[in-house]
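Visitor: Model the structure of this input:
(chains A and B)
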Amino acid sequence: MSFHTLTWVAWLCAAAFSALINGQPLQTLLLIVAVGIVFTLASRVSLAGASSGAVSRPAAGWKTFLSLGLWVWGVATIFNLFFAHAGRFVLFTLPRSWPLIGGPITLEGLLYGLSHGASLFAVLLVFATFNLVLDAHRLLRWLPAGLFQAGLVISIALSFIPQLMSSLQDIREAQRVRGHRFRGLRDWIPLFVPLITTALERSLTLAESMEARGFGGIAVGSDSVAGTRAPTRGTESFSLARASLSGKSLSTALTLLGLFALLAGLVLRSMKPQAPGTLLLLGGSVLLLAALYLQGRGFRRSHFRYEAWSPRDTWVSAASILCLITLSVVQWRLPSLLYFYPYPPSNPWPGFSPVVGLATTLLAAPALWAPTVNRPLITANPHRPEGAEKESV
Amino acid sequence: MTHLPLASLQDVTFTYPEQSAPVLRHFNLEIHAGEFLLVVGPSGCGKSTLLRTLNGLVPHFSGGKFAGKVQVAGLDPLVQSPHGMSTKVGLVQQDPEAQFVVDTVEDELAFGMENQGIAPAIMRTRVGEILERLDIAHLRSRRITSLSAGEKQRVAIGSVLTLQPRLLVLDEPTSQLDPQSAEEVLTTIRQLNEDLGLTVVCSEHRLERVVQYADRILYLPGLGSQPVIGTPQEVLLDLPFAPPLVQLARIFGWRPIPLTVEEARPFLAGLTPRACPSHQHAHRADAPISAHEAPPAIDVQGLWYSYGSDQAALANGSAALRGLDLRVRQGELVALMGRNGSGKTTLLRHLVGLLHPARGRVLVHGLDTQAASVDELIRHVGYVPQDPGSLLFADTVREELQFTRKAHGLPPADAELWLRTLGLSGLGERYPRALSVGERQRAALAAILVAEPSTLLLDEPTRGLDPLEKKNLAAFLKEQSASGRTVILVTHDTELAAECARRVVILSKGQVAADGTPLQVMAQSPGFATHVAALFSGGLLTVADVQKAYEHAA
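Guide: Residues are numbered from 1 along each chain as shown, chains lettered A, B, ... in the order given. Predicted coordinates:
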């Protein structure tokens, strides 16, 4: 299931959008099937990869995901069933004297709960799939340099969680074997003190190691390893250094301006909805992005991996974008096709729109164009001319 | 070797924040280009501090008061900051796992180069080269979490080498490795040093592992004493706690001092055995184990265990324990050895009921761990985990001890007794986590022993201990065993095992590969033999044994 990172991002946008806006249960079920196929294929491939390289990917497999997803679905359903008492088709009635859950329990409540749970399940499934096919580091490479550092910090924080869980397990066992029992809140102190200190020590080591390997980007002007730098820019470092200097003050100015525009836009919108507030918001965002871009130019990072864009990527991206556009148009023009409301005076039976159905089916595209063999991540392509190297700055 | 200086420290004095005494005091050092410099000394003598001044982490990262001049590869780390020194100095820290940034081997190797903005084509060439050089090309696209300890250490070294530093700095690179992996990693480092002319500065506690690779040794005695530097021949003779071969050289007057077993062999011919040869075998309590008539404390029968939940793992041989049998009698001191991942810790976890056998039975003082609760088991068994830090949480050492008593439902005991026995008398009111590595280890030991378990399990207790602390620990464990406590000690340290254990058990792939007296086992398994055992082909184990068996030099 190896597609280009941007292909997966396009797919995620379409799938997540579809999962979030769609309230019609039949359409949601179709979505679950389409994404489920992709998920199954992806987990199969990642498991096959695991057996060859003794690698285990924690998120792999239906089993783990299903138990969580079904739990969420079930809770959502039961919650709605017992707390929403509206509807014509009464299944049974609980005594009114029972707080909150007392009253008629209706078919509409059940249907709405089920469809709501299905939507939650679909959202979870989309993100579980995304998590399975892309690791954080692959995604990070596509962030502008200005965001890269923040992104890396977040990805490290995320990878810290499993480490934290395993040291939590060690500490819990050590204290347990020492005779400690965890009953009240106070009993957790022997666990958290070692946990926090261990985590802190670990983060300090990591920070040292990153610092010692030059993390934080090298300002373009300081050229300690001249000649080994990416050739596209290494030769013009002088002009770039000047550019980055003026870029710095410019980006500061843009940031301020952008923030001001955003603020003004928000204030205006809250006072007069149709005023040019939206325009200001948009303009502010553009300014902020430009500032980030300029800031990123001051530092240089190169990227070890480069990914090839294959025709299959074109097909899958096109399908994803088509799905996204179709659903956007539907939501704009015919929002009722996506909206499910079983309570009176509406009809409790869900509807199904062929257009939405077709658009949703497009989300299975990665499975359709999946290569039969697990293509390894491309790391080198000797035939590619150097100048064409994808170099993000 | 040309003695061009690659790095120099002049009159460096450094004090950590909130401390009164400086760690380094008017310290001078010149590191020659292309040399392998070994830095030794007791815990807290400033080894790590010295290593970190070379790339500016001290004082940039640590804070504190710094005076003096440092130059490394023509740059001043004080001005450049660690960040600016990254292409000159590669630092590999003690715990390889804590320093990885990304998921896969290749990406980790590229991380430093990406920060430097090095062109992708060059990155690929360098990653390929370094992978080949470190002999890990087959691991290229593996996830780092799936690697063994030795492989992780290589990746950590590779991840700094791709920046082509002039100086490679390693902080106790083998402290987590079994003897074989340690030797492989050290050989690789020496090869880098010789083939690439890479200057290496390496700190280490287990001298016997590493002296043979060093061109010069820097000894930091700590406590304000003057450091000593020179060739191994110059420094080793006066070094306290020298490795066993050096001790033999001192006693028998061998010159030049042999640093490896091979170098020592020619001297054997010159030894004169003592008059009574039978003495040679009688001196150790190496009587056959069956002579003990004590009841069994631990009885493990056909134990199978797999961390994967399914039965398939048991069948296809990927199980952690595969039909392990082991019986330990009351009062025995057993050293449990084996390569990283051979199932040592898994076995210990079974003995306290943290894990339950998939097949087979584990009896601890007559209790079946399958049926008995953890609370019942820990009345008999005390477990000191690998990292003492996972036990210590209270405000004072004394409170740690009382906490264990309370958790066991025992009345408060005389904590003073254990504090005194473990040499912690003055530290009862100190904050446990602020103690030195050795003191922390002892505090954890005291916190477990205060419940008076009749069996004591220790997982790698010598990690980070200096030779003196290790010697004290060995003596303490021997005393405990002599007083009737059963001790099972998981260790990678062959010298410690030879020093204190009455029995050595070697695990391999979840089974007992060798079991017997240290003499028998070390004769069978050269990978786990001490230098003395290897030199005397298994006839003797420690320097003390040799002294008893042979006449001293005139």
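Visitor: any low-confidence regions in the stretch 251-400 of chain B?
Guide: In the predicted model of the stretch 251-400 of chain B, residues B:276-292, B:308-317 satisfy pLDDT under 70.
Visitor: Get me the contact residues on it for chain A.
Guide: Residues of the stretch 251-400 of chain B found near chain A, taking Cβ under 8 Å from any Cβ of the partner chain as the criterion, are B:349, B:352, B:354, B:374-375, B:378, B:383, B:385, B:387, B:389-394. Placement of C-beta: from N, CA and C, glycine included.
Visitor: ok, of the residues you listed, which come out buried?
Guide: B:349, B:352, B:354, B:374, B:378, B:383, B:385, B:387, B:389-394 (16 or more other Cβ atoms under 10 Å in any protein chain shown).
Visitor: Take these and write them to a markdown table, including secondary structure.
Guide: Shown next, in a markdown table, are these (DSSP: H, G, I helix; E, B strand; the rest coil):
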| residue | secondary structure |
| --- | --- |
| B:R349 | helix |
| B:V352 | coil |
| B:L354 | coil |
| B:V374 | helix |
| B:I378 | coil |
| B:Y383 | strand |
| B:P385 | coil |
| B:D387 | coil |
| B:G389 | helix |
| B:S390 | helix |
| B:L391 | coil |
| B:L392 | coil |
| B:F393 | coil |
| B:A394 | coil |
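Visitor: from these, which is closest to B:P243?
Guide: B:D387 (26.6 Å; Cβ to Cβ).
Visitor: got a list of what that closest one touches?
Guide: A:D170, A:T198 (Cβ atoms under 8 Å, 6 or more residues apart in numbering or on different chains).
Visitor: can you do 10 Å?
Guide: The contact partners of B:D387, taken as Cβ atoms under 10 Å, 6 or more residues apart in numbering or on different chains, are A:167, A:170-171, A:174, A:194, A:198, B:440-441, B:444, B:459-460, B:463-464.
Visitor: Extract the residue ranges of chain A that are flagged as low pLDDT.
Guide: Residue ranges of chain A with pLDDT under 70: A:1, A:45-64, A:136, A:144-146, A:149, A:158-159, A:216-248, A:272-276, A:295-300, A:371-393.
Visitor: circling back: by neighbour count, which of the contacts of B:D387 wins?
Guide: When neighbours are counted by other Cβ atoms under 10 Å in any protein chain shown, A:A174 leads these with 28 neighbours.
Visitor: Test my guess that B:A497 contacts B:S525.
Guide: No. B:A497 is beyond contact range of B:S525, at 11.3 Å (criterion: Cβ atoms under 10 Å).
Visitor: Break chain A into its domains for me.
Guide: Following automatic domain parsing, one gets these domains for chain A: A:5-141+A:305-388, A:144-216, A:231-302.
Visitor: Which of these sits closest to B:A264?
Guide: domain A:144-216 (38.0 Å).
Visitor: what do B:A497 and B:S525 both touch?
Guide: In terms of Cβ under 10 Å, 6+ apart, B:A497 and B:S525 are both contacted by the residues B:M337, B:V504, B:I506.
Visitor: ok, back up a step: please say which of B:A497 and B:S525 ends up with more neighbours.
Guide: Between B:A497 and B:S525, B:A497 has the larger neighbour count (other Cβ under 10 Å), namely 28 against 20.
Visitor: so where does that one fall, helix or strand?
Guide: According to DSSP states H and E, B:A497 maps onto helix B:494-500.
Visitor: strands paired with the helix or strand just after that helix, and their directions?
Guide: Going down the chain from helix B:494-500, the next helix or strand is strand B:503-508, by DSSP H and E. The strands beside strand B:503-508 in its sheet (DSSP bridges) come out as strand B:333-338 (parallel), strand B:511-516 (antiparallel).
Visitor: how about strand B:503-508 as CSV, C-alpha atoms only?
Guide: Extracted C-alpha coordinates of strand B:503-508, given in CSV (Å, rounded to 0.1, in the frame of the first residue of the first chain):
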residue,chain,number,x,y,z
ARG,B,503,27.2,-21.4,40.6
VAL,B,504,26.8,-19.9,37.1
VAL,B,505,23.9,-20.7,34.9
ILE,B,506,24.0,-19.6,31.3
LEU,B,507,20.8,-19.1,29.4
SER,B,508,20.6,-19.3,25.6
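Visitor: Tell me which stretches of the stretch 1-150 of chain A form helices.
Guide: A:5-21, A:25-53, A:62-83, A:107-133, A:136-140, A:145-177 (DSSP state H, counting those that start in this stretch).
Visitor: Could you save these as JSON lines and add columns showing distance to chain B?
Guide: What follows is the helices of the stretch 1-150 of chain A, written out as JSON lines (distance: least, Cβ to the nearest Cβ, whole Å):
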{"stretch": "helix A:5-21", "distance to chain B": "14"}
{"stretch": "helix A:25-53", "distance to chain B": "5"}
{"stretch": "helix A:62-83", "distance to chain B": "11"}
{"stretch": "helix A:107-133", "distance to chain B": "13"}
{"stretch": "helix A:136-140", "distance to chain B": "5"}
{"stretch": "helix A:145-177", "distance to chain B": "4"}
